[in-house]
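A.B. asks: Provide a 3D model corresponding to the input given below.
(2 chains)
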Amino acid sequence: MNAPVNPKKLISGALGDWEVVIGLEVHAQVTSRAKLFSGASTAFGGAPNDHVSLVDAAMPGMLPVINAECIAQAVRTGLGLKAQINLRSVFDRKNYFYPDLPQGYQISQYKSPIVGEGEVTVDLPDGESIRVGIERLHLEQDAGKSIHDLSPTESFVDLNRSGVALMEIVSRPDMRSSDEAKAYVTKLRTILRYLGTCDGDMEKGNLRADVNVSVRRPGEPFGTRCEIKNVNSIRFIGQAIEYEARRQIAIIEDGGTIDQETRLFDAGKGETRSMRSKEEAHDYRYFPDPDLLPLEFDQVFVDGLAAALPELPDEKKVRFIGDYGLTPYDAGVLTAERETADYFEEIARGRDGKAAANWVINELFGRLNKEGKGIENSPVSADQLGAIVDLIGEKVISGKIAKDLFEIVWSEGGDPRELVETRGMKQVTDTGAIEAAVDQVIAANPDKAEQAKAKPTLAGWFVGQVMKATGGKAAPAAVNALVKQKLGIE
Amino acid sequence: MSVDEATVRRIAHLSRIAIEDADVPRMQGELNAILAFVEQLNEVDVAGVEPMTAVTPMRMKQREDVVTDGGKAAVIVGNAPASEDGFFLVPKVVE
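C.D. replies: Residues are numbered from 1 along each chain as shown, chains lettered A, B, ... in the order given. The predicted structure follows:
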């Protein structure tokens, strides 16, 4: 694709500007109970080789039988990516040798994937958005795991992951900066999590990316690319691209050429290095797996899945902007995770959407981040936070007291309405009571009252004293008005 | 289609089969004879014919997403030349 060159995205080398071109192959573990072709569990962890059937260990005579749910999950994901669903696809064998691949081949899809072309809209931090083309999505088996540091002479092989279903999601080379690539993976992860087709847990390796990077002078054809394998965090994807682009620019500007090769990202050093793979390594000798018939289903099956699809982040964001009057930025923040969006909506329904958004984004997220908690572990429930928003709306408490109330609910729990009663947190709106407090403060500070007539900003000090005297419960607007009136300031 | 000596060595390497230098010409001859035999199929006009994937028309069988297997690490590693704590042990491979 040749989108117009965006000068902001260019990297300047010693001899002029360069454009970086990025495409990603994301491997997403399919959420399912059993593996793609066997009845063994996909659960993370487990004792070595405990979640392994004879099929996963490739014992002679074992035959693969496909898991219907994995097919459905791939189709759901394809629908979520607004992609072509192929009613007929074919499984192939991708041949290579490695100790954690007992079959000697990976069952994958080569020429006929289950999902074809689609598209993802990616929102960037600066408010701009880009479209990233999806080339394909196919189903394949994960390999086992080799552990190399348990012995100086041997590698330990655990096949628990062997045969777990993966979706490989291949993008077009449509990204032009590390920020775009990071935003794309973030968005893809959000979509997968909304769909419930992959949990997106990058720490467990359930979502990882191979990153293809090349550079070119603006307007020129694509340069030779290098593939950085198996990058397992969004931050590392960004770092790997930044390093790799500059490495390639330096080589070309020195008169060299880029070798097409596979590289590894070393997170400790923040650099990529060659895997020194032999050239044969890429001769996978694909051929159709004779153990498996073509995968076929009808449009009715696809339509059934489409009808049951949840509301996706893009649609939800548009609806939040329309229904609750949110800014696109706030709507984006609230829809980044389905759990957050649900939580917000529970509060916002029937209330002031903007107030609800403010409380969720500023107070709740701030507090959750501080304690490293996710929304699912929030000590303050949507009902409780909703009640706090109501109390402010009804002017029972001020915004300032509401923050104290939030703290109490956070650490002690309880019904916000009851707490306001039992702890006497109600806002004093009785003008008589506030007036008395204002009179008292003025009477106790005659000199300051005198100064205030010449220096009206001193009114703020009086407001503060009255608030203090009333335990912060006086309605701030009433205090302001009364202080000014009594001091004779206008 | 025919293979040269270099291709024979490459196929052997990809298949992780050791062949002696002296055996390469013989293997080359055998592979070329096989390829020539199969090439007779090129004489058949298959334009417009779908590749046959099964003798009887049938759809691929599918499984429910239920855990029905596993929990037998001892059986899994039972035939391994070397194992420890349920792991397979293999000569060290580090890239």
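A.B. asks: just for chain A, where's the confidence low?
C.D. replies: Low-confidence regions of chain A, defined here as pLDDT under 70, cover residues A:1-3, A:276-282, A:490.
A.B. asks: Three-state assignment for A:V333, please.
C.D. replies: With DSSP: H, G, I helix; E, B strand; the rest coil as the basis, A:V333 sits in helix.
A.B. asks: between the two ends of stretch B:54-69, how far is it?
C.D. replies: Length of stretch B:54-69, first residue to last, Cα to Cα, to the nearest Å: 28 Å.
A.B. asks: could you do stretch A:440-453 as well?
C.D. replies: By Cα to Cα, one end of stretch A:440-453 lies 18 Å from the other end.
A.B. asks: in it, what counts as buried?
C.D. replies: Under the neighbour-count criterion of 16 or more other Cβ atoms under 10 Å in any protein chain shown, stretch A:440-453 has A:441-442, A:445, A:448-449, A:452 buried. Yep, even glycine has a C-beta here, placed from its N, CA and C like the rest.
A.B. asks: among the residues you listed, which lie within helices?
C.D. replies: Residues of the buried residues of stretch A:440-453 located in helices (DSSP state H): A:441-442, A:448-449, A:452.
A.B. asks: what does chain B have sitting close to chain A?
C.D. replies: Taking Cβ under 8 Å from any Cβ of the partner chain as the contact definition, chain B meets chain A at B:10, B:13-14, B:16, B:53-54, B:58-73, B:75-77, B:82, B:84-95.
A.B. asks: buried members of those into PyMOL, please.
C.D. replies: The PyMOL command for the buried members of the residues of chain B next to chain A (criterion: 16+ other Cβ under 10 Å) is given here:
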select buried, chain B and resi 14+60+63+65+67+69+70+71+72+73+76+77+86+87+88+89+90
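A.B. asks: can you tell me how far the residue of chain B most remote from its centre is from A:P476?
C.D. replies: For chain B, the largest distance from the centre (Cα atoms, centre = their mean) belongs to B:D85, which lies 30.2 Å off. Using Cβ to Cβ, to the nearest Å, B:D85 is found at 66 Å from A:P476.
A.B. asks: got the CA coordinates for the strand or helix carrying A:Q73 in PDB?
C.D. replies: Using DSSP states H and E, A:Q73 sits in helix A:68-80. The C-alpha coordinates for helix A:68-80 follow below in PDB (Å, rounded to 0.1, in the frame of the first residue of the first chain):
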ATOM      1  CA  ALA A  68     -15.500 -27.300  16.700                       C
ATOM      2  CA  GLU A  69     -15.100 -24.400  19.100                       C
ATOM      3  CA  CYS A  70     -11.700 -23.400  17.700                       C
ATOM      4  CA  ILE A  71     -13.400 -23.100  14.300                       C
ATOM      5  CA  ALA A  72     -16.100 -20.900  15.700                       C
ATOM      6  CA  GLN A  73     -13.600 -18.700  17.500                       C
ATOM      7  CA  ALA A  74     -11.600 -18.200  14.300                       C
ATOM      8  CA  VAL A  75     -14.800 -17.200  12.400                       C
ATOM      9  CA  ARG A  76     -15.800 -14.800  15.200                       C
ATOM     10  CA  THR A  77     -12.400 -13.200  15.100                       C
ATOM     11  CA  GLY A  78     -12.700 -12.900  11.300                       C
ATOM     12  CA  LEU A  79     -16.100 -11.200  11.700                       C
ATOM     13  CA  GLY A  80     -14.600  -8.900  14.300                       C
END
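A.B. asks: which other helices and strands does that helix contact?
C.D. replies: Contacts defined by 3 or more Cβ pairs under 8 Å, 6 or more residues apart in numbering or on different chains; DSSP states H and E place helix A:68-80 against strand A:129-141, strand A:165-171, helix A:178-195, helix A:299-307, strand B:62-63.
A.B. asks: list the buried residues of it.
C.D. replies: Judged by neighbour count using 16+ other Cβ under 10 Å, the buried positions of helix A:68-80 are A:69-80.
A.B. asks: how many residues are close by A:F222?
C.D. replies: If you count neighbours by other Cβ atoms under 10 Å in any protein chain shown, A:F222 ends up with 13.
A.B. asks: close to chain B, is stretch A:304-317?
C.D. replies: No. Using Cβ under 8 Å from any Cβ, stretch A:304-317 stays clear of chain B, coming no nearer than 14.3 Å.
A.B. asks: quick check: end-to-end length of that stretch?
C.D. replies: End-to-end distance of stretch A:304-317 (Cα to Cα): 24 Å.
A.B. asks: same question for stretch A:441-455.
C.D. replies: Length of stretch A:441-455, first residue to last, Cα to Cα: 17 Å.
A.B. asks: check contacts around the residue nearest the centre of chain B.
C.D. replies: Nearest to the mean C-alpha position of chain B, by Cα atoms, centre = their mean, lies B:S15 at 8.0 Å. Residues counted as contacts of B:S15 (Cβ atoms under 8 Å, 6 or more residues apart in numbering or on different chains): none.
A.B. asks: need phi/psi at it.
C.D. replies: With angles defined as degrees, to the nearest 10, B:S15 sits at phi -90, psi 0.
A.B. asks: for B:L31, see how far away A:L368 is.
C.D. replies: From A:L368 across to B:L31, the span is 65 Å (Cβ to Cβ).
A.B. asks: more neighbours, those two?
C.D. replies: A count of neighbours by other Cβ under 10 Å puts A:L368 above the other of A:L368 and B:L31, at 19 against 15.
A.B. asks: could you report the neighbour count for the residue of the stretch 301-450 of chain A found nearest chain B?
C.D. replies: Nearest residue of the stretch 301-450 of chain A to chain B: A:F301, at 11.2 Å (Cβ to the nearest Cβ). Neighbourhood size, A:F301 [other Cβ under 10 Å]: 15.
A.B. asks: and the end-to-end length of stretch A:435-453?
C.D. replies: Using Cα to Cα, one end of stretch A:435-453 lies 19 Å from the other.
A.B. asks: ok, and what's touching it?
C.D. replies: With Cβ under 8 Å, 6+ apart as the test, stretch A:435-453 has contacts from A:458-459, A:461-462, A:465-466, A:469-470, A:474, A:479, A:482-483, A:486-489.
A.B. asks: check which helices and strands the helix or strand encompassing A:I401 sits against.
C.D. replies: For A:I401, the host element (DSSP H and E) is helix A:399-412. For helix A:399-412, the packing partners by 3+ Cβ pairs under 8 Å, 6+ apart come out as helix A:382-393, helix A:416-422.
A.B. asks: now do the helices in chain B.
C.D. replies: Under the criterion DSSP H, chain B contains helices at B:5-14, B:24-39, B:73-76.
A.B. asks: give me the nearest residue to A:S108, chain neighbours excluded.
C.D. replies: A:E140 (3.7 Å; Cβ to Cβ, 6 or more residues apart in numbering or on different chains).
A.B. asks: tell me who's in contact with the one you found.
C.D. replies: Residues near A:E140 by Cβ under 8 Å, 6+ apart: A:36, A:94, A:106-109, A:165-166, A:168.
A.B. asks: follow-up on the earlier one: pick the most buried one from the helices and strands packed on helix A:68-80.
C.D. replies: Greatest average neighbour count among the helices and strands packed on helix A:68-80 goes to strand A:165-171 (a mean of 24), per mean count of other Cβ atoms under 10 Å in any protein chain shown.
A.B. asks: strand A:129-141 and that one, what's the angle between them?
C.D. replies: Angle, strand A:165-171 to strand A:129-141, by axes from the mean of the first three to the mean of the last three Cα atoms, to 10 degrees: 150 degrees.
A.B. asks: for the stretch 151-300 of chain A, just list every one of the strands.
C.D. replies: A:154-158, A:165-171, A:207-216, A:226-231, A:262-266, A:271-274, A:287-288, A:295-296 (DSSP state E, counting those that start in this stretch).
A.B. asks: the lengthiest strand in chain B pairs with which strands, and in what direction?
C.D. replies: Looking across chain B with DSSP state E, the single longest strand is strand B:87-91. Applying DSSP bridges, strand B:87-91 is found paired with strand A:154-158 (antiparallel), strand B:83-84 (antiparallel).
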